[in-house]
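[1] Generate a structure from the sequence data that follows.
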Amino acid sequence: CLKPFSKIGLFLIIVINTAQVSEQLLANASWAYLPIALTCAFLAVVAYPISHTLGRIAGLGIEESKSITFASSMRNISAALVLAIAYFPAETALPVIFGIVFQQSTCAVMAYFLYGRKKVT
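    Residues are numbered from 1 along each chain as shown. You can find the predicted model right below:
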């Protein structure tokens, strides 16, 4: 029921956070951004299976393993974006912006693949 609203909310968060640097980034847009985006996507994807595997190797139960997986895979992207915009050139915000885009959707997909659907009782 709330799925469309969460997608709209994510879009608004990205728009609001990137409004300050968007003009500079769009003026300098090039194919050089593609490797940055691919690297961010790769890091977002591999963090989940690695932390999940480490939790299982450590002998943690399923609940503790889930906690370790998501605590170590999710990043405080908003704080990173604020710091990047405030203290560095606009281009330094680019990996953070890509991280915002990939992190939330990757989290949902990895939760499904690693732990399956939540059973309704």
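[2] can you give me the helices in the protein?
    Secondary structure of the chain (DSSP state H): helices located at 3-18, 22-27, 33-57, 62-73, 77-87, 94-115.
[3] Can I get those helices in JSON lines including mean pLDDT and mean neighbour count?
    (Glycine included, C-beta is placed from N, CA and C.) Formatted as JSON lines, the entries for the helices of the chain read as follows, by pLDDT from 0 to 100; neighbours: other CB atoms under 10 Å:
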{"stretch": "helix 3-18", "mean pLDDT": "74", "mean neighbour count": "12"}
{"stretch": "helix 22-27", "mean pLDDT": "70", "mean neighbour count": "12"}
{"stretch": "helix 33-57", "mean pLDDT": "89", "mean neighbour count": "15"}
{"stretch": "helix 62-73", "mean pLDDT": "88", "mean neighbour count": "16"}
{"stretch": "helix 77-87", "mean pLDDT": "81", "mean neighbour count": "15"}
{"stretch": "helix 94-115", "mean pLDDT": "84", "mean neighbour count": "18"}
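[4] residue contacts, K66?
    K66 makes contacts with 55, 115, as judged by CB atoms under 8 Å, 6 or more residues apart in numbering.
[5] oh, I was asking about A41
    For A41, the residues meeting the contact criterion (CB under 8 Å, 6+ apart) are 98, 102, 106.
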